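In: would you be able to build a 3D model of this:
(2 chains)
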Amino acid sequence: AQSVTQLGSHVSVSEGALVLLRCNYSSSVPPYLFWYVQYPNQGLQLLLKYTTGATLVKGINGFEAEFKKSETSFHLTKPSAHMSDAAEYFCAVSDTGGGNKLTFGTGTQLKVEL
Amino acid sequence: NAGVTQTPKFRILKIGQSMTLQCTQDMNHNYMYWYRQDPGMGLKLIYYSVGAGITDKGEVPNGYNVSRSTTEDFPLRLELAAPSQTSVYFCASRSGTGGIGELFFGEGSRLTVL
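Out: Okay, the predicted model is just below:
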């Protein structure tokens, strides 16, 4: 069974600083990996996904993530944080069996300070 | 294009009452899912469906039931509500074609059981 671990339930950065949100996965098959963002009182929105091919994946709002098989990691980064990036971020891994179900991590709340 | 629509947005139930959370999508997606979100726990899959007439259990199905009579609708039934079912519930859908595609989420239904 697949699983995802997000290190750090809360991360705080200054506006303009690098954002780094960590995600490690466990999967017995080549994984499909996702990052979703949730703004207050809203559903989740897809930031980016890795399926196959290029290991550096670019998403919306300047975010990117790199799939590192040797480290079983899929960390999310953004070079310069903006106040509007404050939200909760979820890493997820997809089941390749029936239903292609997503297993989510416990989430990381990102706070951006002036 | 409404996407995924959930009703109601808020509901308070007494212990032992029953209710149905409604979910409708207008994207002709085959795959639909119900998740619950609890603070610090991420999202847990309750039930999912790969098409009309086909449903299956997720990680936390106890106390819930679903049906899928049409492609558009995927209601979640709570029987004999318990305080442990206090949560935010999200319905999501995705296309069944083109590989592991994006999950589209509704805005959530916040349920309190007292």
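In: helix or strand with the lowest mean pLDDT in chain A?
Out: Least confident element among the helices and strands of chain A, by mean pLDDT, DSSP states H and E: strand A:102-104 (a mean of 90).
In: and the helix or strand just after that strand, does that touch chain B?
Out: Per DSSP states H and E, the first helix or strand lying C-terminal to strand A:102-104 is strand A:108-113. No - in terms of C-beta under 8 Å from any C-beta of the partner chain, no part of strand A:108-113 sits within range of chain B; the closest distance is 9.7 Å. Backbone N, C-alpha and C define where each C-beta goes, glycine included.
In: what residues does the strand or helix carrying A:Ala65 touch?
Out: Of the helices and strands defined by DSSP H and E, A:Ala65 is found in strand A:64-68. The contact list for strand A:64-68, computed with C-beta atoms under 8 Å, 6 or more residues apart in numbering or on different chains, reads A:23, A:33, A:35, A:48, A:50, A:55-59, A:73-78.
In: can you flag the buried ones in those?
Out: For these, a neighbour count by 16 or more other C-beta atoms under 10 Å in any protein chain shown gives the buried set as A:Cys23, A:Leu33, A:Trp35, A:Leu48, A:Tyr50, A:Val57, A:Gly59, A:Ser73, A:Phe74, A:His75, A:Leu76, A:Lys78.
In: including distance to B:Arg36, pLDDT and secondary structure, could the residues you listed go into CSV?
Out: Output for these, formatted as CSV (distance: C-beta to C-beta, whole Å; pLDDT from 0 to 100; DSSP: H, G, I helix; E, B strand; the rest coil):
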residue, distance to B:Arg36, pLDDT, secondary structure
A:Cys23, 21, 97, strand
A:Leu33, 22, 92, strand
A:Trp35, 21, 97, strand
A:Leu48, 25, 95, strand
A:Tyr50, 26, 91, strand
A:Val57, 28, 95, strand
A:Gly59, 26, 95, coil
A:Ser73, 27, 95, strand
A:Phe74, 24, 96, strand
A:His75, 27, 97, strand
A:Leu76, 24, 98, strand
A:Lys78, 29, 98, strand
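In: low-confidence ranges, chain A, go.
Out: When residues are selected by pLDDT under 70, those of chain A lie in A:96-98.
In: what residues does it put near chain B?
Out: Taking C-beta under 8 Å from any C-beta as the measure of proximity, chain A contacts chain B at A:9, A:32, A:36, A:41-46, A:49, A:51, A:90, A:94, A:96, A:98-107.
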